[in-house]
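> following is a predicted model, sequence given first.
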Amino acid sequence: MNDLKSNDISNKYKYIGKSIISDLKSEKRDRNFIRNLDDYVPNLIYLGYEDFVIKKVEEILFDEKKLCKGFLSSKLPNIIRPQENDEWLGGLLYIKKYHSSKIVDYNVKNIFKKMENEFLKYNVISSFGICFNQKIIPAPVFNPRSGTILEELITAQFEMRNDLKIKQNWLQVLKNSFDNPYFEEKNIFPHSTYLNDFYFLNDFRDFFQIPNSLAIRFFPSLADIFPSKARYSPAKSNSSMLHALIAALRFKNFNWLKIKLNQFIEGISEDFLTSNGFIRRSKRSNEARLSTNHPIIDALCDAFYFTDKKNKKYIDLAQKIADSWIEIKLPTNLFPKYKKCNYSWLDDQIDLAISFGRLYELTSKEKYLEESRELIKSTLKYHYSKNEKKLFENVDDDGELKNLRTSPKYNSLAIKGLIYLKEILDGDKNIYGNDLYYYDLLKDR
């Protein structure tokens, strides 16, 4: 058993919080903070840094040079990708929902208005938009990673419709996104498609596979301009849309949502699930990444919870994937970044611990409770540096830090481990509680 005491854990998190604030203050640009806002806001506020967080967000909103029409722009000037703004919008929505800031309220309303009026093409979210002459011109390309921002839009539609004066039915946008001939044929999404593929076949679409490959290799910021239907992966292209679908099921029990969910999970199982229970990285690779697997476990748990709990296939599949990883965990009680490697990656550990917690709440199997607790404590034991007083990204199977890479983002995300340990494992709260507060707080961002 892990010998970390509760006081040791609390003290480590205090130091981690201080290191995050110090690192954020020392950054010359705020791009990291803006792009990953939802990774910072809930966790830093939980540690007591509400004033710092809200003041920093308000300073960014007042500085027009740091944003493009209220959005974070791509590395290419005047290019805005919705899927790169999901964390930004998610963080702003969290502040709006639980705290007070008039400037945040105003800008959230402005973002929703622009999403409604300027980012929809054929009533589907465009993969990117070009800022031109005070307007955003949407490109005729669909990328399923837009599911990450669609999840935020759908949730806000049902929780804040009147306050935000939301006119657009984002549930219909979700339905339109699934009216994709590639999804209808394969039950999964490709990396991206032209929006006209929703309405008529383009005889020249395969011509763009070569420039897409070149763009990804040499100009990643241009990759979406040349959509690729040859590339399929479970995360983030498919897990993003899967979580958007589940967000809708939280509020509406429409039959079409259940049908699409069942199709989707069948497609993921058929194309990505290996015979021994791992979710492989892509259709072309048998490599299994933990970062690809735990979001699918979460989605399957949510699918079981928000639909018919008598149907065990979702929760059975979630257990199959989780048990496969338990069989290959490292001597440190940490889990490898890939199926065949001898080191752990920080960001996976806390998210997987919470995935185990979901499974415990839904199955009452004690092994998942123990795996969850031990994984959080092992993460704090081995990934934490006493000298630096922060968490580092990689640990070898002998318990030694593999390198000195660290980031405030991953340290902030690890705070979820403290929240889960204190409020749920050692407290009386639940992930799937009545108000779903901790479900939202602990979700994989």
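Everything's here; your move. Numbering: from 1, shown residues only.

> contacts and neighbour counts: CA atoms only from here.
OK.

> do you have the strands of the stretch 51-200 of the chain handy? List them.
Under the criterion DSSP state E, counting those that start in this stretch, strands of the stretch 51-200 of the chain are mapped to 79-80, 120-121, 124-125, 129-132, 135-138, 141-142, 193-194.

> ugh, typo on my part, it should be the stretch 251-400 of the chain
Going by DSSP E, counting those that start in this stretch, the stretch 251-400 of the chain shows strands at 280-282, 285-288, 343-345, 384-385, 390-391, 394-396.

> make a markdown table out of these and add distance to Ser372 and mean neighbour count.
Output for these, formatted as a markdown table (distance: least, C-alpha to C-alpha, whole Å; neighbours: other C-alpha atoms under 10 Å):
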| stretch | distance to Ser372 | mean neighbour count |
| --- | --- | --- |
| strand 280-282 | 23 | 22 |
| strand 285-288 | 21 | 16 |
| strand 343-345 | 16 | 25 |
| strand 384-385 | 18 | 18 |
| strand 390-391 | 19 | 26 |
| strand 394-396 | 18 | 23 |
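
> burial count for the spatially closest residue to Pro138 that is not a sequence neighbour?
Counting by C-alpha to C-alpha, 6 or more residues apart in numbering, Pro138 lies nearest to Gly129, which is 4.2 Å off, once chain neighbours are set aside. Residues contacting Gly129 under the criterion other C-alpha atoms under 10 Å number 23.

> do the same with the one 10 residues further on
Under the neighbour criterion other C-alpha under 10 Å, Ala139 is assigned a count of 19.

> just Asn85 next, same as before
Neighbours of Asn85 (other C-alpha under 10 Å): 23.

> again, but for Glu185
Neighbour tally, Glu185, other C-alpha under 10 Å: 10.

> which ones are touching it?
By C-alpha atoms under 8 Å, 6 or more residues apart in numbering, the contact set of Glu185 is empty.

> any idea how far it is from Asn293?
Using C-alpha to C-alpha, to the nearest Å, we find Glu185 at a distance of 24 Å from Asn293.

> so how far is Tyr439 from Asp426?
17 Å.

> more crowded one of those two?
The residue with more neighbours, out of Asp426 and Tyr439, is Tyr439; 16 against 12, by other C-alpha under 10 Å.

> surely that one touches Ile431?
Yes: contact criterion C-alpha atoms under 8 Å: Tyr439 and Ile431 qualify, at 4.7 Å.

> so this protein: which segments form each domain?
Domain assignment for the chain by automatic domain parsing gives 1-28+273-445, 67-198+207-251.

> do you have the helices of the stretch 251-400 of the chain handy? List them.
Secondary structure of the stretch 251-400 of the chain (DSSP state H, counting those that start in this stretch): helices at 255-272, 290-306, 313-326, 346-363, 366-382.

> in TSV: the ones you listed, plus distance to Pro234 and mean neighbour count.
Listed next are the helices of the stretch 251-400 of the chain as TSV, based on distance: least, C-alpha to C-alpha, whole Å; neighbours: other C-alpha under 10 Å:
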stretch	distance to Pro234	mean neighbour count
helix 255-272	7	17
helix 290-306	7	23
helix 313-326	14	18
helix 346-363	16	24
helix 366-382	24	21
